[in-house]
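1. Everything below, folded, please.
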Amino acid sequence: MLPNSLIELDRAHLVHPLASYRGHETAGVRVLKSARGATAIDAEGRELLDGFAGLWCVNAGYGQQTLIEAATEQLRTLPYATGYFGLGSEPAIRLAARLAEHAPGDLNHVYFTLGGSDAVDSTIRFIRYYYHAKGTPQKDQFISLESGYHGSSTAGAGLTALPIFHTGFGAPYHWQHKIPSHYRYRNPVGTDDRAIIDASVAALRAKISELGTERVAAFYAEPIQGSGGVLVPPAGWMKAMHAVCREHDVLFVADEVITGFGRTGPLFACSEDGIVPDLLTVAKGMTSGYVPMGAVFMSDNVYNTIADGAGAAPVGHGQTYSAHPVSAAVGLACLDLYENGLLENGRKAGAHLMAGLKTLSDHPLVGEVRGRGMLAAVELVTDKERKTPLPAEADAGRRIFDRAWANGLIIRAFNQGILGYAPPLCCTEAEIDEIVERTRLTLDQTLEDKDVRAAMKT
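-> Numbering: from 1, shown residues only. I've put the predicted structure just below:
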């Protein structure tokens with residue numbers, strides 16, 4: 001089938017996530033045909049360095065034979081096994097055990113989901129059940145951060161604090177509340193780390209007081225806010241917020257769907273932050289995006305409270321594909337890669353990425369370069385002193401992505417003029433250098449954009 005035929009079939013039938021439906025019909029799909037390592041190839045044969053690892057997820061890179069073989073062998077042996085009726089499969093059991101060994105503290109209990117969104121959604125249900133089991137069902141208010149992303153399920157989208165996930169959907173719900181982000185580059189208190197931490201602590205305390213300690217159930221935070229623009233908190237921020245939750249008997253949920261599995265360096269960013277959350281969500285890098293899978297880790301306290309509250313009755317939460325044996329087999333093979341050199345390569349490549357992106361700081365459009373490990377962002381401005389964002393007329397999300405694509409680079413181009421990076425952990429130094437150089441070319445082209453030039457003159 002010719003690529004043009006695929007484009008027409010796509011226009012007529014395939015609904016794309018987070019897309020302008022009419023805009024996509026007009027533009028048409030870009031078809032990816034194959035990939036190897038950190039390079040993707042489209043239907044026209046164009047080679048592209050994938051600086052975003054698919055959607056923050058192909059941590060191991062494309063074409064890893066051990067992952068392919070693990071899936072293939074499991075498909076031959078046992079392609080499906082339900083977790084209902086007390087049944088299970090060896091890959092899922094072994095993956096849960098190995099993940100618990102690696103997880104911080106007493107996060108010893110693992111519930112498998114299909115991905116990140118339903119992992120977050122599952123935490124909401126588990127937390128509700130937890131407080132009912134404790135005899136405090138009135139603790140039903142949830143707090144998250146502005147600019148945070150916690151999936152696009154019906155309930156999770158309300159914890160997400162990005163307007164596009166709310167408009168037209170009736171979200172957030174009345175029990176979902178927000179406090180300001182730690183967004184260092186644009187924080188009203190300035191860029192001093194201590195001041196930012198103190199402001200966040202004060203905001204969380206104030207929101208808990210406003211709602212009533214007896215009503216607040218949980219607080220959600222990403223170790224780094226991914227879809228909000230790769231916003232990196234000051235060192236010690238997570239620990240300070242975790243302490244406030246402990247003080248007020250509020251469950252702390254760490255959303256590591258993006259940051260988990262080597263993205264920031266260690267297997268879990270929380271271990272670097274020095275905290276043990278009550279619940280932790282993962283997905284993406286757990287199977288390197290090869291097959292769908294996510295998970296919720298529960299502390300001993302949360303698990304035992306739910307288990308004791310249920311007694312002999314079943315806990316009424318489950319999905320057909322929870323603990324899928326093929327996904328679990330791939331997850332086990334991914335852990336082997338992480339343990340046997342991939343994490344270490346990711347640390348080295350991450351240091352090289354940050355150093356390379358920092359060389360762009362003197363570009364007229366670059367306001368800030370930030371990141372941790374293989375997770376980074378470059379924020380563009382038209383005035384460095386005033387931190388003036390790119391104008392809406394520059395259509396940054398579309399135009400910059402198109403320029404980068406034409407330059408053989410895939411990155412995340414946020415509408416506000418932030419470039420997001422999350423390359424595969426298998427990247428070589430030469431590939432990182434190419435990502436930086438192709439970014440520089442893209443920035444130079446953006447500098448010539450008529451709407452950007454006009455904004456810089458005002």
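
2. where along the stretch 1-150 of the chain do the helices fall?
-> Applying DSSP state H, counting those that start in this stretch to the stretch 1-150 of the chain gives helices spanning 3-13, 21-27, 53-56, 65-77, 90-102, 116-133.

3. CA atoms only: put the second one into CSV for me.
-> Read that as helix 21-27. C-alpha atoms of helix 21-27 as CSV (Å, rounded to 0.1, in the frame of the first residue of the first chain):
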residue,chain,number,x,y,z
TYR,A,21,-9.2,16.7,14.3
ARG,A,22,-9.8,19.1,11.5
GLY,A,23,-6.2,20.4,11.6
HIS,A,24,-4.9,16.8,11.3
GLU,A,25,-7.2,16.0,8.4
THR,A,26,-5.8,19.0,6.6
ALA,A,27,-2.1,18.3,7.4
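
4. Lowest average confidence across the helices of the stretch 1-150 of the chain, which one?
-> Here the lowest mean pLDDT among the helices of the stretch 1-150 of the chain goes to helix 3-13, at a mean of 90.

5. which of the residues in that one are buried?
-> Neighbour counts over helix 3-13 (16 or more other CB atoms under 10 Å) mark 7, 10 as buried. No exception for glycine: its C-beta is placed from N, CA and C like everyone else's.

6. Between the helices of the stretch 1-150 of the chain, which one is closest to residue 437.
-> Taking CB to CB, helix 53-56 is the member of the helices of the stretch 1-150 of the chain nearest to residue 437, at 18.9 Å.

7. Tell me the gap between the closest one and the middle of its chain.
-> 9 Å (CA atoms, centre = their mean, to the nearest Å).

8. Can you list the helices and strands that that helix packs against?
-> Helices and strands touching helix 53-56, by 3 or more CB pairs under 8 Å, 6 or more residues apart in numbering; DSSP states H and E: there are none.

9. Now do that helix: everything it contacts.
-> Contact with helix 53-56 is made by 59, 61, 226, 258, 263, 284, 285, 289, 375, 422, 423, 424, as judged by CB atoms under 8 Å, 6 or more residues apart in numbering.

10. from these, which is closest to residue 431?
-> Of the contacts of helix 53-56, the one sitting nearest to residue 431 (CB to CB) turns out to be residue 423, at 7.4 Å.

11. ok, how many other residues are close to the closest one?
-> The number of residues packed near residue 423 is 27, by other CB atoms under 10 Å.

12. per-residue confidence at it?
-> 98.

13. so it sits right up against residue 436, yeah?
-> No - at 10.7 Å, residue 423 does not count as touching residue 436 under the criterion of CB atoms under 8 Å.

14. Now for those two: what residues contact both?
-> With CB under 8 Å, 6+ apart, residue 423 and residue 436 have common neighbours residue 353.

15. rewinding a little: next, give me the two most distant ones among the contacts of helix 53-56.
-> 61 and 226 (19.5 Å).

16. Tabulate the helices of the stretch 1-150 of the chain in a markdown table, adding columns for distance to residue 269.
-> Formatted as a markdown table, the helices of the stretch 1-150 of the chain follow (distance: least, CB to CB, whole Å):
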| stretch | distance to residue 269 |
| --- | --- |
| helix 3-13 | 36 |
| helix 21-27 | 33 |
| helix 53-56 | 13 |
| helix 65-77 | 23 |
| helix 90-102 | 13 |
| helix 116-133 | 14 |
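
17. Between those helices, which one is closest to residue 380.
-> Using CB to CB, the helices of the stretch 1-150 of the chain put helix 53-56 closest to residue 380, at 20.2 Å.

18. Quick one: residues contacting the closest residue to residue 91 other than its chain neighbours.
-> Of all residues not flanking residue 91 in the chain, residue 328 sits nearest, at 3.7 Å (CB to CB, 6 or more residues apart in numbering). With contacts defined as CB under 8 Å, 6+ apart, residue 328 is in contact with 74, 89, 91, 92, 94, 95, 112, 293.

19. Surely residue 328 is in a helix?
-> Yes - under DSSP: H, G, I helix; E, B strand; the rest coil, residue 328 sits within a helix.
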